[in-house]
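Asks: predicted model, plus sequence, below.
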Amino acid sequence: MAKRAWFALVVLVAGIGLVAAPAAAAPAPQASLVRIDVFSAAKGGGRPAPPAANCTNDDPSAYGTTPVFTGWTTNGLDGKAHLNRSTVPSSLTTAPADLQAGFNAWSSASHAPSFTVLTDGTLTKPTANRQADFMFGRTGGSTIAVTYTWRWSDGLYESDTLFSSQLAWREIRETGDGCNEAVAAYDFQGIATHELGHLYGLDHPPNDRFATMYAYGYTGETLKRTLATSDRNGITTLY
């Protein structure tokens with residue numbers, strides 16, 4: 001009986017030794033700010049609001065062809081863009097539709113991921129949270145808008161945009177030549193389309209005055225709503 005008891009104890013101990021230890025939890029992804037893109041008002045715009053627009057009629061004959069890239073692409077996040085409607089100036093009654101049109105300009109010209117604009121945003125400043133957020137707030141000086149981009153440790157890129165609440169904004173009537181000289185304010189759809197180019201991975205092409213991704217914005221200008229040659233070349237290269 002003693003020998004049998006000793007044998008049973010050995011089997012019991014061996015069985016305990018075979019129990020698998022619980023797996024360690026994977027570390028949560030961490031975000032690092034990799035870039036801040038500042039979109040500046042061209043000379044003659046900014047604050048205080050000038051008496052007349054400083055835009056120039058669109059000139060396709062002057063289009064450049066060479067895009068500039070930021071070094072990343074977006075995977076579409078969750079396919080949603082979150083606009084904080086409470087921060088939008090009262091002069092912009094169609095802001096969600098304007099932002100949606102900006103996304104559509106890029107995705108319809110390429111295989112870039114499409115986004116659906118929602119008005120459920122709550123952020124008042126760009127914050128790494130693994131989604132695309134848009135809001136109005138203080139940017140300082142004559143900065144029209146600023147886009148912040150983070151890279152998460154699992155490879156995800158996230159971009160948020162802050163539009164200036166200190167500048168004059170309007171839903172500008174298109175005149176057919178990309179410039180409405182009668183409106184000394186910024187066109188939200190065109191400015192938003194520019195900022196979304198950064199989300200998709202495009203940078204400012206130098207000296208390409210009529211490109212959507214040109215580094216300066218003009219009052220009365222609506223030409224940035226549609227893509228110029230370098231913009232199309234860039235987005236189709238990336239996607």
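Replies: Arrived safely.

Asks: so the most centrally placed residue in the chain, which of the three states?
Replies: When CA atoms, centre = their mean is applied to the chain, the residue found nearest the centroid is residue 199 (3.7 Å). When classified by DSSP: H, G, I helix; E, B strand; the rest coil, residue 199 comes out as helix.

Asks: just give the nearest non-adjacent residue to it, would you?
Replies: residue 159 (4.0 Å; CB to CB, 6 or more residues apart in numbering). The way it works is simple: take the backbone N, C-alpha and C, and place the C-beta from them, glycine included.

Asks: circling back: so what's the residue nearest to the centre of the chain up against?
Replies: Residues in contact with residue 199 (CB atoms under 8 Å, 6 or more residues apart in numbering) are 74, 132, 147, 149, 159, 161.

Asks: from what I can see the third one touches residue 198, true?
Replies: Right, the one you point to is residue 147. Yes: under the criterion of CB atoms under 8 Å, residue 147 makes contact with residue 198 at 4.4 Å.

Asks: shared neighbours, those two?
Replies: Each of 37, 159, 161 lies in contact with both residue 147 and residue 198 under the rule CB under 8 Å, 6+ apart.

Asks: the last one contacts residue 149, doesn't it?
Replies: No: Residue 161 sits out of contact with residue 149 when judged by CB under 8 Å, with a separation of 9.9 Å.

Asks: out of these two, which sits in the more crowded spot?
Replies: Counting neighbours by other CB atoms under 10 Å for residue 161 and for residue 149 shows that residue 161 has the greater number, 27 against 23.

Asks: for that one, name its beta-bridge partners.
Replies: Beta-bridge pairing for residue 161 (DSSP bridges): residue 134, residue 147.

Asks: name the residues contacting each of residue 161 and residue 149.
Replies: Shared contacts of residue 161 and residue 149, defined by CB under 8 Å, 6+ apart, comprise 198-199.
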